[in-house]
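Undergrad: Need a 3D model of the following:
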Amino acid sequence: MAGIITGVLFDFYRLIRGLSGLNKIIMFIEDTLFWLFTAVIVFVFLMYTNYAYLRMYVYILLAVGIYLYLKIFSRIFIGFYEKLFRILGRVFRVILNTLVYFFQYVIYIIKKKNKRNYKN
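TA: As a prediction, the model looks like this:
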């Protein structure tokens with residue numbers, strides 16, 4: 001299960017990282033932070049399930065879980081994440097355009113009233 005969780009986090013990270021074309025230093029920092037975060041998540045999972053007894057079978061099963069996730073479920077989750085990002089992007093764009101239009105309208109009304117006041 002920890003391997004599958006790691007695979008899901010890795011796919012999410014790949015999608016986020018794919019959106020930005022940054023230099024190698026920033027990518028190294030992002031990768032390091034991702035793997036530290038993943039290590040903490042796996043450690044907490046292992047603490048909860050088997051009191052963090054690290055035997056060889058734990059490493060083997062973690063690797064098997066990651067492998068199975070990447071071979072079987074990765075495409076499904078990547079497709080889901082891409083659709084989710086597209087939908088969230090559209091919703092964000094609609095909300096942003098609505099707010100911009102609202103403030104433009106308010107500024108237009110204020111300017112219109114100020115023109116009337118200067119004429120009188």
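
Undergrad: these two touch, right, Asp11 and Phe80?
TA: No - assessed by Cβ atoms under 8 Å, Asp11 is found out of contact with Phe80, at 9.4 Å. The way it works is simple: take the backbone N, C-alpha and C, and place the C-beta from them, glycine included.

Undergrad: These two - which one has more neighbours?
TA: Set Asp11 next to Phe80 and count neighbours by other Cβ atoms under 10 Å: Asp11 wins out with 20 against 11.

Undergrad: got a list of what that one touches?
TA: Counting by Cβ atoms under 8 Å, 6 or more residues apart in numbering, Asp11 touches 74, 77-78, 81.

Undergrad: phi, psi of it?
TA: As for Asp11, its main-chain torsions (degrees, to the nearest 10) stand at phi -60, psi -40.

Undergrad: Can you tell me, leaving aside adjacent residues, what's nearest to it?
TA: Of all residues not flanking Asp11 in the chain, Phe77 sits nearest, at 5.1 Å (Cβ to Cβ, 6 or more residues apart in numbering).
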